[in-house]
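In: With the sequence up front, the predicted model follows.
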Protein chains: 2
Amino acid sequence: MDIIIARFESLEESKQHTIRQAALEEFAVQGYKKASTNRIVKAAGIGKGMLFYYFTSKQELYEYLVKYSLEFIESRYLDKVDAGEPDLIERLTQLARLKMEAQAENEEVFKFSAVFLQEGEAHLPEELATRIEELKQAGYRLMYEGIDKSRFRKDADPDKVFHLIRWSIDGYQQELLARLTGQKLAEIDFAPYWEEFYAYLAILKKSFYETEEESR
Amino acid sequence: MDIIIARFESLEESKQHTIRQAALEEFAVQGYKKASTNRIVKAAGIGKGMLFYYFTSKQELYEYLVKYSLEFIESRYLDKVDAGEPDLIERLTQLARLKMEAQAENEEVFKFSAVFLQEGEAHLPEELATRIEELKQAGYRLMYEGIDKSRFRKDADPDKVFHLIRWSIDGYQQELLARLTGQKLAEIDFAPYWEEFYAYLAILKKSFYETEEESR
DNA sequence: TTTAATTTGACCAGGGTGGTCGAATGGTGT
DNA sequence: ACACCATTCGACCACCCTGGTCAAATTAAA
């Protein structure tokens, strides 16, 4: 469609990648308004003019990145989730694992998405706004829909147990991410962390699920 | 000591308060570098000149706010905690309640403290830097020290149970705060939320503590 | 060689920055 | 009435950074 943006898309992939990552990071850290095109071109190692040769304006660059991120998150993360899994812990484990993998593949996309997902800093064209809304809802459904709460212990409100399990797993993820700041996700061997994670899950099952022996 | 800052401190409290809150909020949302003295004076309803009549520079203003926040958090929050309470849930409940109360008293201080606690945006004089470090450690101790982990169920690693309980309670707090965004904390009736909170705690106790009947 | 597609960075007007300062105001003591 | 000093203001300063432009240089294609 646009003649201008087509110029960018016909670049060799590695160059596209460099520019995209520089821009993603800048917008992720600074938000739309405070992001600086000067810093982007410097980080990307291109002249100022090129950015406006590839994109007509800062706004168009931003919209391109939103579109790119939406497609990335959908194809590399959400589409891979098995929404048929009825067991909460199984489901959350899957979500955690797939998210980790996608994040290791492109960390900046996720940092950037955190920005545009909850802050309407730049008013986007309607089409993008609705796609963002759809992504939010898809994420919500993957987390909340089709979970079999009858597996939880019967002497407690299943909705509350549901939340407690979710918060626990979120808590582990957050703390792990905090422990790992500064390192490149892609270069980390996650095996020992998964082991630790599964130990936590075992406790959660023992504590919050109906025990099998109980049927005795 | 400083003649200049004494001018500020001899202002009537309500005026100090207005200026302080305006500055706290600006630094909280923008960080040191991007915070604008122009916006501060506009929000505080004073002329530009006055800010530099009370404080010699932006830096000195920032340091004053750090000092003020440290004292606030210590006296209105940390000092009130009973560090002798050995029961984890009791202790965390206490921390949650006292923090809520202090936060309702001055929300901006806590938002601002989140900024200076983990980002050394402005290099502070050594004295302040160490006081910040002490505050961090005091908070850490209140959360981790002197907890009786023998109350947890015996068939699971007590350190892991400890973390799971902490993450659960943090999770509830975070979600509550998210649910309440936009409202003035001071104007909220927290009674129903505390009730809900205690329902969660009951489940945590049932699930993670050694049951009394077990001694039968 | 001619023509067209890339690439650059100096440059632009506009806006925001922390900080200054001369002037105006108000209060106090005499 | 006067002088004196603390307080208050906002126009103003020099500087920096902004998104975006463009003439000129370079490279590629014809």
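Out: Good, I have the coordinates.
In: how close does residue A:106 get to residue A:18?
Out: 13 Å (C-beta to C-beta, to the nearest Å). Just so you know, the C-beta spots here come from the backbone N, C-alpha and C atoms, and that holds for glycine as well.
In: which one of the two has more residues nearby?
Out: For the pair residue A:106 and residue A:18, the greater number of neighbours falls to residue A:106 (21 against 15), based on other C-beta atoms under 10 Å in any protein chain shown.
In: tell me the pLDDT at the closest residue to that one other than its chain neighbours?
Out: In space, not counting the residues next to it along the chain, residue A:106 is nearest to residue A:72; the distance is 6.3 Å by C-beta to C-beta, 6 or more residues apart in numbering or on different chains. If you check residue A:72, the pLDDT there is 98.
In: Likewise for the one 4 residues further on?
Out: At residue A:76, the predicted lDDT confidence score is 98.
In: Minimum distance to DNA strand D, which residue of chain A gives it?
Out: Residue of chain A nearest DNA strand D, by C-beta to the nearest atom of the strand: residue A:36 (2.8 Å).
In: and that residue, what does it touch?
Out: Counting by C-beta atoms under 8 Å, 6 or more residues apart in numbering or on different chains, residue A:36 touches A:26, A:30.
In: Look up phi and psi at residue A:82.
Out: Torsion angles at residue A:82 (phi, psi; degrees, to the nearest 10) stand at phi -90, psi 100.
In: before we move on, what about residue A:153?
Out: Dihedral angles of residue A:153 (phi, psi; degrees, to the nearest 10) stand at phi -60, psi 140.
In: Ignoring the adjacent residues along the chain, who's closest to it?
Out: Nearest non-adjacent residue to residue A:153 (C-beta to C-beta, 6+ apart): residue A:210, at 5.5 Å.
In: again, but for residue A:54
Out: Spatial nearest neighbour of residue A:54, chain neighbours left out: residue A:8 (3.8 Å); criterion: C-beta to C-beta, 6+ apart.
In: what residues does stretch A:180-190 touch?
Out: A:100, A:103-105, A:107.
In: From those, keep the buried residues only.
Out: Buried subset of the contacts of stretch A:180-190 (neighbour count, 16 or more other C-beta atoms under 10 Å in any protein chain shown): A:100, A:103, A:107.
In: what sits against the first one?
Out: Residue A:100 makes contact with A:185, A:190 under the criterion C-beta under 8 Å, 6+ apart.
In: Quick one, grab the pLDDT at it.
Out: The score at residue A:100 is 94. That number is its pLDDT.
In: got it, and the last one?
Out: Model confidence at residue A:107, expressed as pLDDT, equals 96.
In: Which residues of chain A lie near DNA strand C?
Out: Neighbours of DNA strand C within chain A, by C-beta under 7 Å from any atom of the strand: A:7, A:10-11, A:46-50, A:53.
In: Please convert these to JSON lines, extending it with secondary structure, distance to DNA strand D and neighbour count.
Out: Output for the residues of chain A next to DNA strand C, formatted as JSON lines (DSSP: H, G, I helix; E, B strand; the rest coil; distance: C-beta to the nearest atom of the strand, whole Å; neighbours: other C-beta atoms under 10 Å in any protein chain shown):
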{"residue": "A:7", "secondary structure": "helix", "distance to DNA strand D": "14", "neighbour count": "13"}
{"residue": "A:10", "secondary structure": "coil", "distance to DNA strand D": "12", "neighbour count": "8"}
{"residue": "A:11", "secondary structure": "coil", "distance to DNA strand D": "13", "neighbour count": "14"}
{"residue": "A:46", "secondary structure": "coil", "distance to DNA strand D": "12", "neighbour count": "17"}
{"residue": "A:47", "secondary structure": "coil", "distance to DNA strand D": "8", "neighbour count": "10"}
{"residue": "A:48", "secondary structure": "helix", "distance to DNA strand D": "4", "neighbour count": "12"}
{"residue": "A:49", "secondary structure": "helix", "distance to DNA strand D": "3", "neighbour count": "9"}
{"residue": "A:50", "secondary structure": "helix", "distance to DNA strand D": "8", "neighbour count": "16"}
{"residue": "A:53", "secondary structure": "helix", "distance to DNA strand D": "7", "neighbour count": "13"}
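In: Just the closest of those residues to residue A:89, please.
Out: Set against residue A:89, the nearest of the residues of chain A next to DNA strand C by C-beta to C-beta is residue A:11 (44.3 Å).
In: In contact with the closest one, which residues?
Out: The contact partners of residue A:11, by C-beta under 8 Å, 6+ apart, come to residue A:54.
In: mind listing what's buried in stretch A:15-23?
Out: Of the residues in stretch A:15-23, those buried (16+ other C-beta under 10 Å) are A:19-23.
In: now it, how far from the chain's geometric center?
Out: Between the centre of stretch A:15-23 and the centre of its chain there are 19 Å (C-alpha atoms, centre = their mean, to the nearest Å).
In: contacts for that stretch?
Out: Contact partners of stretch A:15-23, identified using C-beta under 8 Å, 6+ apart, comprise A:8-9, A:40-41, A:43-46, A:51, A:54, A:61, A:65, A:68, A:108.
In: And the contacts of stretch A:195-210?
Out: A:89, A:93, A:96, A:151-154, A:156, A:161, A:164-165, A:168-169, A:172, B:153, B:155-157, B:160-161, B:163-164, B:207-208.
In: on that earlier part again, how close does the residue nearest to residue A:54 sit to chain B?
Out: With the distance defined as C-beta to the nearest C-beta, to the nearest Å, residue A:8 ends up 30 Å from chain B.
In: okay, now that residue: neighbour count?
Out: 19.
In: Tell me if I'm right that it and residue A:55 touch.
Out: Yes: counting by C-beta atoms under 8 Å, residue A:8 does reach residue A:55; the two are 6.8 Å apart.
In: Can you pull the residues that touch both of those two?
Out: Taking C-beta under 8 Å, 6+ apart as the criterion, residue A:8 and residue A:55 both touch residue A:64.
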